[in-house]
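Novice: curious how this folds, go ahead:
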Amino acid sequence: MTRIDFYVLDAHRRDAREQFAARLAAKAVRAGQRPIILCDDDAGRARLSALCWNLPSTFLPTAPLHAAEAPSAPVLLALETELDALGPAPLPAHEWLINLRLVRSAHFAAFDRVAEIICQDDAVREAGRAHYRFYRERGYPLHHHELKGREA
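Specialist: Numbers count the residues shown, from 1 in each chain. Down below sits the predicted model:
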């Protein structure tokens, strides 16, 4: 069953979620796992790509889900519509889904682990609460990580 991790940041800025997602993806890769970061749009995907490629002391290549280099990239950056377009085809062999959307992914159960990153922005907190209720009501194992004193 998919493990769901909620990472709650002290930060109010939404971009803190992206910064944390890049670092979390790097941690997953160091542990031998491959994450997919789910973005809202192409602009979010471009920001995440830049963050991952420019992490201090870490080289973390990324690729869009549909790119030719996707099979060899340790981190894929995807949009929900791209996951939908795969239809009945299996998702790429990635263990983590890091969700940066305010909407829960319909594909979450295809992953071993889902990370929901919450900041103190009202809309993000409300979406996070709705996601938490959804997962809890369906019996998914939930893990809560309060990241106090960290901006991102």
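
Novice: for the rest of this, base every contact and every neighbour count on C-alpha atoms.
Specialist: Noted.

Novice: ok, the most centrally placed residue in the chain - contacts?
Specialist: Taking Cα atoms, centre = their mean, the centroid of the chain lies closest to I98, which sits 1.4 Å from it. By Cα atoms under 8 Å, 6 or more residues apart in numbering, the residues touching I98 are A21, A25, P35, I36, I37, L38, V114, A115, E116, I117.

Novice: hmm, try it at 6 Å
Specialist: I37, L38, V114, A115 (Cα atoms under 6 Å, 6 or more residues apart in numbering).

Novice: let's see the pLDDT reported for it.
Specialist: Looking at I98, its pLDDT is 98.

Novice: and the one helix or strand it maps to, which strands flank it?
Specialist: I98 belongs to strand 96-99 when assigned by DSSP states H and E. Using DSSP bridges, strand 96-99 pairs in its sheet with strand 35-39 (parallel), strand 113-118 (parallel).

Novice: next helix or strand past the shortest one?
Specialist: Same thing as strand 35-39. helix 42-53.

Novice: what's the mean pLDDT across that next one?
Specialist: For helix 42-53, mean pLDDT is 94.

Novice: what pairs with the next helix or strand after that helix, parallel or antiparallel?
Specialist: Following helix 42-53 in sequence order, the next helix or strand is strand 62-64 (DSSP H and E). Its sheet considered, strand 62-64 pairs with strand 75-79 (parallel) by DSSP bridges.

Novice: give the residue spans of the chain that score low on pLDDT.
Specialist: Applying pLDDT under 70 to the chain flags the ranges 149-152.

Novice: what separation is there between I4 and Y132?
Specialist: 9 Å (Cα to Cα, to the nearest Å).

Novice: and L147, how many neighbours?
Specialist: By other Cα atoms under 10 Å, the residues close to L147 number 14.
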